[in-house]
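>>> 3D, please:
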Amino acid sequence: MIIDTHAHLMFDQFKGEVPAVLKRAGEAGVRKIINVGCSVEASERAVEMISEYDGQAEVSLYATLGLHPYDAMDVSDDLLDGWEELIKEDSERDDGRKIVAIGEIGLDYFKAKVSKEDQKKGFRRQLEFAARMGLPVIVHNREADDDTFGILREFPDVKAVFHCYGSSLEFARKLWESGYYTSFTGVITYPNARDLHEVVRECPDWTVMVETDCPFLAPQSVRGERNEPSYVVDVLKEVAGLKGREFGEIEKLQEVNVKELYGI
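Numbering: from 1, shown residues only. Below you'll find the model as predicted:
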């Protein structure tokens, strides 16, 4: 089973095209897509899209609720109370829960549109919420390795995946030693991503995870185009090649790891 663990199908780049995108995903063998919230609106839309599109082209849609670091100022008691209601309602679904994580959340110091202190506050509040809900988190970390890791360690019971991993091999080892997952995008297919290639080669089996982060970061074969879930196959192939393993073996590893982290 091929799984795209991080997509943003609610973004304007997919407006009016979601059925066609899901059809191509299904034809490529993708069977599950986690549609990741990153703002108030995107999180709400991720949940709405489950009832609209789940099961089309034999693809199961899942959702997450979260605020990107640049939206950290929007974290409020009212928002979290509303999310808690959504999660409780979702837990009563006959076909199993579909809201599977809190994310993407974290720290981004690259452009620092929001102050570091406000980002940290929003990150901690969402981690507290994830702990209370018993859900894992999807971590956005850009040029903030030490602070992101330090804050996350304040919540030892919260499972986490560092999505779109782009830091050093040394930091990856630190995350693996702490039990955190690392997920890779089409960036690993780029010829100049040699440092990331080393991270993939050393990545332990239990933490292997791939994603598209679509509509961004299309793999080398379609670089410059809009990314979409069907292209996650390219990422899986690259992981298999870098690790010297069969495609089906890596596909199975990801399936097992997704079940362990997200319960799906």
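
>>> Give the rounded mean pLDDT of stretch 241-261.
Throughout stretch 241-261, pLDDT has a mean value of 97.

>>> Give me the buried positions along that stretch.
Judged by neighbour count using 16 or more other Cβ atoms under 10 Å, the buried positions of stretch 241-261 are 242-243, 250-251, 253-255, 257-258, 261. (Glycine included, C-beta is placed from N, CA and C.)

>>> now stretch 147-161
Residues of stretch 147-161 classed as buried by neighbour count (16+ other Cβ under 10 Å): 147-149, 151-152, 158-161.

>>> measure Ala130 to Cys164 for me?
As judged by Cβ to Cβ, to the nearest Å, Ala130 and Cys164 stand 19 Å apart.

>>> Strands of the stretch 1-150 of the chain, start to end?
When secondary structure is read from DSSP state E, counting those that start in this stretch, the stretch 1-150 of the chain shows strands at 2-7, 30-35, 60-65, 99-108, 137-142.

>>> give me the number of residues near Asp95?
Other residues within reach of Asp95, judged by other Cβ atoms under 10 Å, total 8.

>>> Could you pull up the residues touching it?
With contacts taken as Cβ atoms under 8 Å, 6 or more residues apart in numbering, Asp95 has no neighbouring residues.

>>> Lys121 now?
Shown in contact with Lys121 (Cβ under 8 Å, 6+ apart): 72, 75.

>>> Could you check the pLDDT of it?
Looking at Lys121, its pLDDT reads 98.

>>> mind listing the helices for the chain?
Listed from the start of the chain, the chain has helices (DSSP state H) covering 18-27, 40-53, 77-90, 116-133, 145-152, 169-177, 194-202, 232-243, 247-262.

>>> So which of these is nearest Tyr70?
helix 116-133 (8.1 Å; Cβ to Cβ).

>>> If I take that closest one and helix 145-152, what angle do their directions form?
For helix 116-133 against helix 145-152, the angle between stretch directions is 40 degrees (axes from the mean of the first three to the mean of the last three Cα atoms, to 10 degrees).

>>> Looking at the buried residues of stretch 241-261, which is nearest Ala101?
Distance ranking of these against Ala101, using Cβ to Cβ, places Leu261 first at 8.0 Å.

>>> Test my guess that the closest one contacts Pro136.
Yes: Leu261 is in contact with Pro136 according to Cβ atoms under 8 Å; the separation is 5.4 Å.

>>> Can you read off the pLDDT for Arg142?
Note for Arg142: predicted pLDDT of 97.

>>> pretty sure it contacts Tyr109?
Yes: in this structure Arg142 lies within contact range of Tyr109 using Cβ under 8 Å: 6.7 Å.
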